[in-house]
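**Student:** please work out how this folds:
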Amino acid sequence: MKKVVIRPAGAAPAVGPYNHAVRVGDLLFCAGQIPVDPATGQLVEGDIRVQTERVLRNVEILLKDQGLTFDDVVKTTVFLTDLQDFAAMNEVYARFFTRDHPARSTVQVAALPKGARVEIEVIAAYGGSDPA
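**Tutor:** Residues are numbered from 1 along each chain as shown. This next block holds a predicted model:
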C-alpha cells in the first residue's frame, strides 16, 4: 500500500522531523498532538482541561482535513505527565468522543515536548464505522 503524507492547512507546526498524519490504505495515523495553539505556535497556558481541549481541537483539524470526525477514530493513546490528571482529562475527552468510543491506552510519561501535560495520538478509519 502507498503511504500518503498529510499536512493540513491550519494545523499547529510540527515540533520535529515528522508529519502531522500519514494515510495507509483505509487508515489515518495521526502524530501525537500537544496543546500548541496553531495561530501562535506556542503552548497554551492553563490546567489539564484547557490543555486537553486544545489537543483535541488540534486532532479535530487533522480529522476534518481528511473528511473524518471523532466517530471515525478507532484507537487513541493518551500520554499524561501526571496520572492524577486522568479524571479531569477524561471529562474533556468524553465531550469529543460521545459514542462508539475508540479503544484507548493511557500512560504516564516523565515529560512531553514543550512542557505539555498531555499528548494524544489517534488512528482513524476511512469509510465510517461498521454497524455490526
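**Student:** ok, and for stretch 37-54, which residues are buried?
**Tutor:** Judged by neighbour count using 16 or more other Cβ atoms under 10 Å, the buried positions of stretch 37-54 are 43-44, 48, 51-54. For the C-beta atoms, the positions are set from N, CA and C on the backbone; glycine is no exception.
**Student:** let me see the mean pLDDT of the helix or strand containing Phe79.
**Tutor:** Assigned by DSSP states H and E, Phe79 belongs to strand 73-80. The average pLDDT for strand 73-80 rounds to 98.
**Student:** so what strands line up beside that strand?
**Tutor:** Strand pairing for strand 73-80, determined by DSSP bridges: strand 103-108 (parallel), strand 118-125 (antiparallel).
**Student:** now the ones you listed as TSV including distance to Lys2?
**Tutor:** Formatted as TSV, the strands paired with strand 73-80 follow (distance: least, Cβ to Cβ, whole Å):
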stretch	distance to Lys2
strand 103-108	26
strand 118-125	17
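**Student:** just say which of the ones you listed is most tucked in.
**Tutor:** strand 118-125 (a mean of 22; mean count of other Cβ atoms under 10 Å).
**Student:** understood, closing this out.
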